[in-house]
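Chemist: Sequence and computational prediction follow.
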Protein chains: 2
Amino acid sequence: MPPHRTRRRIPEATVARLPVYLQMLIEQADLGIDSISSEGLAELAGVNAAKVRKDLSYLGSYGTRGVGYEVDYLVYQIRRELGLDHDWPVVIVGAGNLGQALAGYGGFHERGFPVAGIVDIDPSKVDTVVGGARVRSLDDLPQIVASKGVSIGVIATPPSAAQAACDRLVKAGVTSILNFAPTILSVPIGVAVRKVDLAVELQILSYHEQRRANVQQSAQLHAVAVDRGRGASA
Amino acid sequence: MPPHRTRRRIPEATVARLPVYLQMLIEQADLGIDSISSEGLAELAGVNAAKVRKDLSYLGSYGTRGVGYEVDYLVYQIRRELGLDHDWPVVIVGAGNLGQALAGYGGFHERGFPVAGIVDIDPSKVDTVVGGARVRSLDDLPQIVASKGVSIGVIATPPSAAQAACDRLVKAGVTSILNFAPTILSVPIGVAVRKVDLAVELQILSYHEQRRANVQQSAQLHAVAVDRGRGASA
DNA sequence: GGCGCTTTGTGAAAACATGCACATGGGATC
DNA sequence: GATCCCATGTGCATGTTTTCACAAAGCGCC
């Protein structure tokens, strides 16, 4: 039996933090640091130390008590667990503003997600070149997916086209989708979807701004009430 | 006493879903639908009905038993709660690939976050025009923030410049930050930060792909073991 | 080789979020 | 104006995530 076959399931919240730890660890490695404590990593990642330890404990016991974690080894283990020991080519659907920026965004390639292709339904966009890649027809999707072994698709279309784009990705054999359109996609079970909605992020910030304003206002009202109480009757 | 002064705090998980409900409700309103049940909204938002009801109950009792929710009124209430009853101008720091795409991305303006300005530290980028806005110098930041009443900043710089960009935003008076750089920002308390890291999203998908592969492999191994068991000894 | 220092790894508690299930109450029909 | 129907609003149980606190364990120094 291999040492860690299926391995116990890692909580989703932890999975979402591992990439952050990874990023910080790589930074430290580049700085020549070769050992780090949960405390140190916690500080870099903006979380608390107990959380770091519990998160890392899901991967196995890779720390040394009294010392900390060896940076390189931890990088290796997190990479392995996240499936980052090889590249995952991605295909982008939609060559509008956002699709073009994503295609040209070096961060993808740099972090193990080379852009295998970018496609658009609009014939006038096809064959234009964005971010070093030639835009291809949506009809070429199956061919791109098959020939490059793509399993992750990125949707950067307008909302109205997102579900259709999704369907074509799934039909072409993609099993994970990153959706930038403000649309809830329906997919067969077994296909993973993550949604990133830039406006939603801003709206959440707006809530906190709003709240701050309300609280201040209410504190002022309260202060007034207190003053009144002091000066006069009850 | 006003009817809903500070109002009980809304759970963060709910705050993150309200924008999605809002989006769906606006879509329904545009379609001429004027009433919707928790069940219907749940389906559109991709969550379950009890959750919708509980989430909406934090806003108050705005539904009608036996009937559902009036779409327009709910839109109004969610907008008010999220602070979306007025626009929130944003300033973008960094006019690279991503910054340009964001500046040109209609979704921001459309959903209440007009781009009040985009700035860059690189003199060669200053005065170029992207997405209808002229890039201005980083030094103009305080002036832009003050004159346009900006309270939300978007960081679209390379990671190495992100903390400096953040500091300047805070100093200029911005109190909420949306950070696209893969960096943990440190900010004074009272400033809200949200981070969106595109590569992290892909890495989370990668984990699930990886896992799928492992499970399949392990199922195969298991099948082999069973076959062996069948064919021979134990 | 033992002692003390340090930091991990992890049970157990607390906080938070989800989902069920049903009492409650509004609207429609007669 | 009484009755039925239906979907909301919510108490409660369940599941997940965070945090605490401490025993276990490696390292270096004497």
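Modeler: That came through fine.
Chemist: residues of the helix or strand of chain A with the lowest mean pLDDT that come out buried?
Modeler: In chain A, no helix or strand scores lower on mean pLDDT, DSSP states H and E than helix A:198-231, which sits at a mean of 78. Applying a neighbour-count criterion of 16 or more other C-beta atoms under 10 Å in any protein chain shown, one finds A:198-212 buried in helix A:198-231. (Glycine included, C-beta is placed from N, CA and C.)
Chemist: Close to DNA strand D: what parts of chain A are there?
Modeler: Residues of chain A found near DNA strand D (C-beta under 7 Å from any atom of the strand) are A:11-14, A:47-48, A:50-51, A:53-54, A:64-67.
Chemist: so of the residues you listed, which ones are in helices?
Modeler: Here DSSP state H is the test, and the residues of chain A next to DNA strand D give A:12, A:13, A:14, A:50, A:51, A:53, A:54 as lying in helices.
Chemist: quick check, nearest of those residues to residue B:41?
Modeler: For these, the minimum distance to residue B:41 (C-beta to C-beta) is 24.2 Å, reached by residue A:12.
Chemist: For the closest residue to residue A:47 other than its chain neighbours, the count of nearby residues, please.
Modeler: Distances taken as C-beta to C-beta, 6 or more residues apart in numbering or on different chains put residue A:17 closest to residue A:47, at 6.8 Å, once the chain neighbours are dropped. Other residues lying near residue A:17 total 19 when counted by other C-beta atoms under 10 Å in any protein chain shown.
Chemist: any bit of the strand or helix carrying residue A:17 sitting next to DNA strand C?
Modeler: Using DSSP states H and E, residue A:17 maps to helix A:12-30. No: if you take C-beta under 7 Å from any atom of the strand as the test, helix A:12-30 misses DNA strand C, and the best it gets is 9.9 Å.
Chemist: now the angle between helix B:198-231 and that helix, please.
Modeler: Put simply, helix A:12-30 runs at 110 degrees to helix B:198-231, going by axes from the mean of the first three to the mean of the last three C-alpha atoms, to 10 degrees.
Chemist: Check the offset of the helix or strand just after helix A:12-30 from the chain's centre.
Modeler: Note on helix A:12-30: by DSSP H and E, the next helix or strand toward the C-terminus is strand A:35-36. Offset of strand A:35-36 from its chain centre (C-alpha atoms, centre = their mean, to the nearest Å): 25 Å.
Chemist: for stretch A:140-160, same thing?
Modeler: 18 Å.
Chemist: for stretch A:123-143, same thing?
Modeler: Worked out by C-alpha atoms, centre = their mean, stretch A:123-143 lies 25 Å from the chain centre.
Chemist: go on, stretch A:83-100?
Modeler: Distance of stretch A:83-100 from the chain centroid (C-alpha atoms, centre = their mean) equals 12 Å.
Chemist: For that stretch, give the mean pLDDT please.
Modeler: In this model, stretch A:83-100 has an average pLDDT of 96.
Chemist: tell me the contacts of residue A:68?
Modeler: A:35, A:36, A:37, A:38, A:40 (C-beta atoms under 8 Å, 6 or more residues apart in numbering or on different chains).
Chemist: ok so, going back, other SSEs contacting the helix holding residue A:17?
Modeler: Packing contacts for helix A:12-30, counted by 3 or more C-beta pairs under 8 Å, 6 or more residues apart in numbering or on different chains; DSSP states H and E, involve helix A:38-45, helix A:49-57, helix A:71-82, helix B:198-231.
Chemist: In CSV: these, plus distance to residue A:98.
Modeler: Below are the helices and strands packed on helix A:12-30 laid out as CSV (distance: least, C-beta to C-beta, whole Å):
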stretch, distance to residue A:98
helix A:38-45, 28
helix A:49-57, 31
helix A:71-82, 25
helix B:198-231, 11
